[in-house]
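Undergrad: just coords:
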């Protein structure tokens, strides 16, 4: 069975780490409770990306945390990643699934409820939906989805959804209450002075909100 | 057996095609005699790259001309390309071979005789060596190799070498005389007003020089 936990999903951004080593920041975030990691490198040459991905995979294996690669199936295959996350201009999900096989974790970014509906027939395991809040992390970010938009994505998704976009400790619970299975964060961990403490706080907020949501349903 | 002919190796560059469709320029160049095509896209989103690569593969299949993809194994796998060409900062040749399998055509760029020697143990089928002449096509081009440098690469390569870098009809024969199996060209075909006629002229020069070199040896 495919096992992954979207609760606290770290998406990497090297520049946001300041002068710190990405591997060190990720190690601290995972020690604090990050449940899934996506390595995103938009400008690295392929060889450098593969080398970083292999080091990241070795690190995360020690924590039994899966590693997904953003966009690049070649890098994912070369480093033995657990899966790939694709956006709407990356490889088509059906092509990615055909190359990765049924066991790989495959995620897809959606920016609107319409895209979530359009993805219903695609062989993806989860959706990343956002930006939930206004963000400056992504240069080419889509219009803000908001919590209501996120709820609409969840309603049409037919699979787990991670909210993404300027989510922090004060908003994490709202994202879960809107129906998301977890929060995907970039700056909240990469730019945190103490990534371990930041992860622990975020995960506690997410877990509390998840428990409250289960009680509501029960 | 792996079959490819480096004699007239077209490396694509969409901006150099001016307002023309790349597929149309390539179709004309191949009709004129280009023996091998490498699709190089440094800025295209992955989905666009895959779609272009599939159209290119369908086109070249009609001419029985192999298609190689520059750098991106993910695109090569998705489009069913015949192989991949990697540079020194792309995926390591051993990793590429492991992912592509023994039947794929794998080429490697070398900029110096030393890199050609260092590549002797690598599982690549040919080397691309250059720039043989000063070029403005590649922003990050290495120092000029020259014809003597090309001959030194050939001496140490242990496999066929294609010269690349500002090669045109007046210099193609010199490149073959220096020991190259063929000429790899970008502007000489992509920017040619008549790519078919340009390819026919280049191939005639290459074939004549190859025949003369065989006679010298014989």
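TA: Structure received. These numbers were taken from a predicted model, which means no experiment stands behind them. Residues are numbered from 1 along each chain as shown, chains lettered A, B, ... in the order given.
Undergrad: Helices along chain A, start to end?
TA: A:22-32, A:46-63, A:73-79, A:93-100, A:113-118, A:146-157, A:172-177, A:187-190, A:195-217 (DSSP state H).
Undergrad: closest to residue B:186 out of those helices?
TA: Smallest distance to residue B:186 across those (Cβ to Cβ): 20.3 Å, for helix A:46-63. The way it works is simple: take the backbone N, C-alpha and C, and place the C-beta from them, glycine included.
Undergrad: interface residues of chain A facing chain B?
TA: With the criterion set to Cβ under 8 Å from any Cβ of the partner chain, chain A comes near chain B through A:45-48, A:50, A:71-74, A:77-78, A:86, A:88-92, A:95, A:99.
Undergrad: can we see that at 10 Å?
TA: Residues of chain A lying close to chain B by Cβ under 10 Å from any Cβ of the partner chain are A:44-51, A:54, A:71-79, A:84, A:86-92, A:95-96, A:98-99.
Undergrad: What's the PyMOL syntax to select whichever of those are buried?
TA: PyMOL command restricting those to the buried ones, with burial defined by 16 or more other Cβ atoms under 10 Å in any protein chain shown:
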select buried, chain A and resi 44+46+47+49+50+51+54+71+72+73+74+75+76+77+78+79+84+86+87+88+90+91+92+95+96+99
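Undergrad: Point out where chain A drops to low pLDDT.
TA: Applying pLDDT under 70 to chain A flags the ranges A:1, A:137-139, A:218.
Undergrad: give me that answer again for 80
TA: For chain A, applying pLDDT under 80 flags the ranges A:1, A:136-141, A:217-218.
Undergrad: mind checking the longest strand of it?
TA: Counting by DSSP state E, the longest strand found in chain A is strand A:105-110.
Undergrad: quick one on the thing from earlier: from the helices of chain A, which stretch is densest packed?
TA: Of the helices of chain A, the one with the most neighbours on average (mean count of other Cβ atoms under 10 Å in any protein chain shown) is helix A:73-79, at a mean of 26.
Undergrad: how about the helices of chain A in a markdown table, adding distance to residue B:160?
TA: What follows is those, written out as a markdown table (distance: least, Cβ to Cβ, whole Å):
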| stretch | distance to residue B:160 |
| --- | --- |
| helix A:22-32 | 40 |
| helix A:46-63 | 24 |
| helix A:73-79 | 25 |
| helix A:93-100 | 30 |
| helix A:113-118 | 47 |
| helix A:146-157 | 52 |
| helix A:172-177 | 57 |
| helix A:187-190 | 46 |
| helix A:195-217 | 50 |
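Undergrad: so which of these gets nearest residue B:183?
TA: helix A:46-63 (26.0 Å).
Undergrad: I'd like to know which elements that closest one is packed against.
TA: helix A:22-32, strand A:36-39, strand A:67-70, helix A:73-79, helix B:93-100 (3 or more Cβ pairs under 10 Å, 6 or more residues apart in numbering or on different chains; DSSP states H and E).
Undergrad: who does the third one pair up with?
TA: By that I understand strand A:67-70. Applying DSSP bridges, strand A:67-70 is found paired with strand A:36-39 (parallel), strand A:83-86 (parallel).
Undergrad: mind checking which of the ones you listed is nearest residue A:197?
TA: For residue A:197, the closest of the strands paired with strand A:67-70 is strand A:36-39, at 17.8 Å, according to Cβ to Cβ.
Undergrad: mind listing what's buried in that closest one?
TA: A:36, A:37, A:38, A:39.
Undergrad: wait, residue A:21 sits on residue A:56?
TA: No - using Cβ atoms under 10 Å, residue A:21 makes no contact with residue A:56, being 11.2 Å away.
Undergrad: what's the neighbour count on residue A:160?
TA: 17 (other Cβ atoms under 10 Å in any protein chain shown).
Undergrad: That one: what's its closest spatial neighbour, skipping adjacent residues?
TA: residue A:181 (3.8 Å; Cβ to Cβ, 6 or more residues apart in numbering or on different chains).
Undergrad: how close does that neighbour get to chain B?
TA: 26 Å (Cβ to the nearest Cβ, to the nearest Å).
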